[in-house]
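Novice: Predicted model and sequence follow; I will ask about them next.
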Amino acid sequence: MRTPLVWLVAAAFVCAGATAPSVRGQRREPAPEYTGLVGTYCVTCHNDRLKTAGLSLQSLALTNVPEQAQVWEKVARKLRSGEMPPATVRSRPDSQMAGALVNYLETTLDRAAVLRPNPGRAPVHRLNRAEYSNAIRDLLAVDVRPGEWLPVDDSGYGFDNIAAVLSTSPALLDRYMSAAHKISRLAVGDLTLKPVEEIYDAKRDPLKGSRNEQLNDDLPFDSRAGMTVGHYFPLDAEYVFKIRFLGVQTGGEETEIDPYQVRVAVKAGLHTVGVTSPRENLKPERDAPADGPGGGTGGRGGPAQIPSPVDLRLSGARLKRFDVRATTPEVNKLIIGGPYNATSRGDTPSRRTIFVCRPVRPAQEPACARTILTALAHRAFRRPVTSADIEPLYAFYRKSREAESGDFDSGIQAAIEAMLVSPEFLFRIERDPSTAETGTAHRVSDVELASRLSFFLWSTIPDAELLDVAERGKLKDPAVLERQVRRMLDDPRADALVSNFAGQWLHLRNVETVKPDPVSLPFDEALRQSFLTETSLFVSSIFREDRSLLDLLSADYTFVNQRLAEHYGIPRVYGSQFRRVTLTDVNRRGLLGQGSVLTVTSYPNRTSVVQRGKWILENLLGTPPPPPPPDVPELKAAPHGKVLSMREQMQVHRANATCAACHGRMDPIGFALENYDAVGRWREQDAGAPIDASGKLPDGTEFQGPAGLSRLLLTKYQDDFLRTATEKLLTYALGRGVEYYDYPTIRSINREAARDNYRVSSWILAIVKSTPFQMRRALDS
């Protein structure tokens, strides 16, 4: 077994760039009025007799705040958000005095956290599906998304990379073994692979239309409509391509040759396969069969129908042109089968990655095999490897090599298969130094820090440069660490931070499964994809351009294509390509004006002020409402058949005292977005009545419409938004839930990011340099 590395632990570690107050000097004594405020406005409910919400402050003193940090952090949050004392209580403390008490509590807790850091401790972390796919891609240069072959991961705290919920089971281990077998064969190129068919469904295809427009950059500029897929061809062999069109007969029995089918030789590797139509004025080529499939007349007694040409393309080059009897052929399915009549393993990126040496004579094979396995295991295990790591893998190589039909390549394939089911690959394992005392904080090693960094920013294993820096012990240097972070943020792999973090934080993944009523709402698959693309490009631009985090709520631009622009009422946007446009309508600015957010917070056939208000409270302000009681009544229909607006229905609903308590904060926020229907279209009326998009919070704060709500979030609730965003990102970065002892770190991160106007790079760097990201608490006894 590998001997753990021993690392010296600093006597007192303060993360680089921290801005917490100095711990020198005597403890600050609380002002008498703070004690009086707590006694007057808090203890009246939270005492030993009542214990409202299970909390008593009666026996707690403000002179020993750090000893009761969990309680006082809760008190500070409730006071700062204005949730306590409740708005229904007539006697409330002076806002300035309450703010001063909050500052005292937070300053005292921050001082104590610097003196005695508690970085927390996450359990062993299994790679989730996205991390597994990316790790395979970067380790073996096989981009087949094998994580999709595994069961869906559980989520915790809003994310699917939380170590505590990424459990294992016998069924999951079986899937890992099956995936490892398939991946190793694809990577090495197994000549015994049997032909299989893979079906690509075009139901999720973007805009199809009659305009002479290019669908995407993988298709020629003079093409329109169609679909593209990335397909991995494992061998130099023949492959069969079949195309199915909506409403077009293929004719005949299953045994017949499909009229829209071609069998061609393809070189091994990842290729883009595209099905597209040329421009409308492009005539069919002479060699296209005029009386073949799709040719001839349009039916007895009907006019002759000119076949429409459709091109099958491989990595941009046309393989075949079909004539399809349809005015605007729409692709339904693309089926790729093979390999047939394999000629060789091919010269694929995966083989070039794996075979860093080639034995010329049998005597050279053992040394070359060890060289290959050492290089792969070094990346797969994300640390320096020893003979204890390599010899078990070499045993698998040797057994397969010495088999009757074995050769050098098949031996390497067997060793890779074993490597991919090793716990050292499937789990992120961090070890406490032998010098660490029970329950104390210590730095993680540079190599462990490199893994934390790469899975945070890239959702994959460290690359060669990051691993080299870590193994030389340089990553702990703040300047080196910052250079690596900035380099990684500039890398295309940082797109994973947007898709995996923002996709879950903002519930964008739910866009793929929502089902608005297509009868009452103008919704189709093209609009679904446009919603996803818009918000993905928008959030990516915030990150890529290193803009302020506040721009998520206030940016005066977005990304649209023609379909989405028409939906929003934005003029003079043509074609299916997305482009950046400036928003003149202030109501459309930021996330709150985007169809993705507005659709996932609605019901299939109507808006929901509750869902929209809850989404903002939970995801932007970090103050989720309590769960509804089990006997919540449904919205009642109006008497005498009168159609009520959403505001009128909610007024009836809030007449129930049980409902009113929670809806006081949610509903005003949701009403501000009522001008957007259930799929984000702007409207002026609801149920025939003008929409009232005004809102008034329990503390008396008033605002009007989406623009007014955004201004409120950026002014009065800016600190809450920034704190919540940091909590979410820290949760994602650590792979564990945020605890009360992390709150001083969150405040420190936001103070650090504020120096640079909350730019994304400053925000991320502050997290990377923080105590919980760079340290770990040793196992308790």
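Specialist: Here it is on my side, so go on.
Novice: how much space between Gly595 and Gly613?
Specialist: Gly595 is 18 Å from Gly613, where distance means CB to CB, to the nearest Å. For glycine as for every other residue, the C-beta is placed from the backbone atoms N, C-alpha and C.
Novice: likewise Arg129?
Specialist: 32 Å.
Novice: Compare those two (neighbour count), which wins?
Specialist: Taking other CB atoms under 10 Å, Arg129 and Gly613 do not tie; Gly613 has more neighbours (24 against 19).
Novice: partners of the nearest residue to Gln261 once chain neighbours are set aside in the sheet?
Specialist: Computed as CB to CB, 6 or more residues apart in numbering, the closest residue to Gln261 that is not its neighbour in sequence is Lys242, at 4.7 Å. Using DSSP bridges, the bridge partners assigned to Lys242 are Gln261, Ile335.
Novice: Contacts only, for Lys242.
Specialist: 258, 260-261, 333-337 (CB atoms under 8 Å, 6 or more residues apart in numbering).
Novice: Pick the one among those closest to Pro516.
Specialist: Lys333 (24.7 Å; CB to CB).
Novice: Next, that closest one: secondary structure please.
Specialist: Using DSSP: H, G, I helix; E, B strand; the rest coil, the structure places Lys333 in strand.
Novice: How many residues are close by it?
Specialist: So Lys333, with other CB under 10 Å, has 16 neighbours.
Novice: From Leu270, how far out is it?
Specialist: In terms of CB to CB, Lys333 sits 20 Å off from Leu270.
Novice: From one end of stretch 496-504 to the other, what's the distance?
Specialist: 12 Å (CA to CA, to the nearest Å).
Novice: And it, how far out from the chain middle?
Specialist: Taking the mean of its C-alpha atoms, stretch 496-504 sits 2 Å from the chain's own mean (CA atoms, centre = their mean, to the nearest Å).
Novice: thinking again about what came up before, among the contacts of Lys242, name the least confidently predicted one.
Specialist: Among the contacts of Lys242, Asp258 has the lowest pLDDT, at 72.
Novice: Count the residues that sit near that one.
Specialist: Using other CB under 10 Å: Asp258 sits among 17 other residues.
Novice: Where does the prediction get shaky in the stretch 651-781 of the chain?
Specialist: Scanning the stretch 651-781 of the chain for pLDDT under 70 picks out 651-663, 781.
Novice: And the helices in it, which stretches?
Specialist: Assigned by DSSP state H, counting those that start in this stretch, the stretch 651-781 of the chain shows helices spanning 657-671, 705-714, 718-734, 743-754, 760-768, 771-774.
Novice: For those, give me TSV that also has mean neighbour count and distance to Pro362.
Specialist: Converted to TSV, the helices of the stretch 651-781 of the chain look like this (neighbours: other CB atoms under 10 Å; distance: least, CB to CB, whole Å):
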stretch	mean neighbour count	distance to Pro362
helix 657-671	19	73
helix 705-714	20	70
helix 718-734	21	49
helix 743-754	22	58
helix 760-768	23	49
helix 771-774	24	49
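Novice: Tell me which of these lies nearest to Ala31.
Specialist: Evaluated with CB to CB, the helices of the stretch 651-781 of the chain place helix 743-754 nearest to Ala31, the distance being 20.8 Å.
Novice: what's in contact with the closest one?
Specialist: Applying CB under 8 Å, 6+ apart, the contact partners of helix 743-754 are 15, 17-20, 73, 106, 109-110, 112-114, 549, 719, 722-723, 726-727, 730, 738, 758-759, 762-763, 765-767, 769-772.
Novice: what's the span of stretch 758-772, first residue to last?
Specialist: Stretch 758-772 has an end-to-end distance of 20 Å (CA to CA).
Novice: now that stretch, how far from the centre of its chain.
Specialist: 19 Å.
Novice: Low-confidence stretches in the stretch 501-650 of the chain?
Specialist: Counting by pLDDT under 70, the stretch 501-650 of the chain contains low-confidence ranges at 629-650.
Novice: What segments of it are strands?
Specialist: Along the stretch 501-650 of the chain, counting by DSSP state E, counting those that start in this stretch, strands occupy 557-560, 579-582.
Novice: I'd like those laid out as a markdown table, including mean neighbour count and distance to Glu702.
Specialist: Listed next are these as a markdown table, based on neighbours: other CB under 10 Å; distance: least, CB to CB, whole Å:
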| stretch | mean neighbour count | distance to Glu702 |
| --- | --- | --- |
| strand 557-560 | 20 | 28 |
| strand 579-582 | 13 | 29 |
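Novice: what would those look like in TSV with distance to Asp677?
Specialist: Listed next are the strands of the stretch 501-650 of the chain as TSV, based on distance: least, CB to CB, whole Å:
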stretch	distance to Asp677
strand 557-560	18
strand 579-582	21
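Novice: nearest to Asp311, of the ones you listed?
Specialist: strand 579-582 (25.4 Å).
Novice: Which strands border the closest one, and is each parallel or antiparallel?
Specialist: strand 557-560 (antiparallel).
Novice: would you say Arg318 is within a strand?
Specialist: Yes - secondary structure assignment places Arg318 in a strand (three-state DSSP).
Novice: how near is it to Phe538?
Specialist: Arg318 is 35 Å from Phe538, by CB to CB.
Novice: likewise Arg483?
Specialist: 28 Å.
Novice: Please apply the same query to Glu83.
Specialist: Counting by CB to CB, the gap from Glu83 to Phe538 is 31 Å.
Novice: Between those two, point out the one with more neighbours.
Specialist: Phe538 (22 against 14).
Novice: Thanks again, I'm all set now.
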